[in-house]
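Structure for this input, please:
(chains A and B)
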Amino acid sequence: MKRMLVLTVVALVLVLGVSPCKAASETAKPVEIPWLTSLDQALQLAKQQGKPVLLDFYNPK
Amino acid sequence: MDAVTYPNPDVSDFLLTHVIPVKVQHTDQKLVGQFRVMWTPTLIILDSDGSELHRDEGYLPPDTLLPALMLGIGKVKLHAGKFKEAITHLSQLADKYPRSDEAPEAIYFAGVARFRDTNDIRAMRDTYEKLSSAYPGNSWTTKASVYQAVK
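Predicted coordinates for the structure are as follows:
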């Protein structure tokens, strides 16, 4: 019974590329944030896309 | 922010979907002067005309940044006269982050958006009732209390 279960899981991984570990790590992967450095460019894009602007003043040190 | 908050998948996904993100170094005297920034990090939400509608100063972890951004976006929609969109954003904030500092303010301004959308002042009375039930003693409950006698 146990052997059947193992064989089924192996078959699923091979045929469908299913991997629970891979799926978990992919969902946790952050999206790269497309930070701009020009406020003028950001305001232009904000008008085009109908979105607000997030202005982040930061100290890199 | 760069070490913990922005790499958070919920945060990066939210930023990508809902805002145009801009980073400005504290040495940029023109923008620091224009927005009177005196501390970092300072996060400001602007509408597409460049008008400031929300500001937070100091470090924000992911679960604190997200409701702050949602409140800012709700205010942008409200000021743009997009009342239904404002109600949606602000209600989502209150539902998803009921323990956040922003939740009572979001309920208050969702009420303002309902009033502006319908011109029915009972929206503010209902807002007071919601706030007094969920957030007794909160400053936004006090602000809404003036509408409690509306019939």
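
Let me know how buried the residue of chain A found nearest chain B is, in neighbour terms.
Closest residue of chain A to chain B, CB to the nearest CB: A:A46 (3.8 Å). From N, CA and C alone the C-beta is placed, and that goes for glycine too. Applying other CB atoms under 10 Å in any protein chain shown, we find 23 residues neighbouring A:A46.

which element follows the helix or strand of chain A with the lowest mean pLDDT toward the C-terminus?
In chain A, no helix or strand scores lower on mean pLDDT, DSSP states H and E than helix A:20-27, which sits at a mean of 45. Helices and strands here follow DSSP states H and E; after helix A:20-27, the next one along the chain is helix A:39-49.

who touches B:T40 in this structure?
A:F57, A:Y58, A:N59, B:H26 (CB atoms under 8 Å, 6 or more residues apart in numbering or on different chains).

State the distance from it to B:D28.
11 Å (CB to CB, to the nearest Å).

which neighbours do these two share?
A:F57.

that older thread, now list the buried members of the contacts of B:T40.
Burial by neighbour count, 16 or more other CB atoms under 10 Å in any protein chain shown: within the contacts of B:T40 this picks out A:F57, B:H26.

and of the contacts of B:T40, the nearest to B:P9?
A:Y58 (20.7 Å; CB to CB).

where does the closest one land on pLDDT?
Note on A:Y58: pLDDT of 95.

Which strand residues bridge it?
Per DSSP bridges, the residues bridged to A:Y58 are B:Q25.
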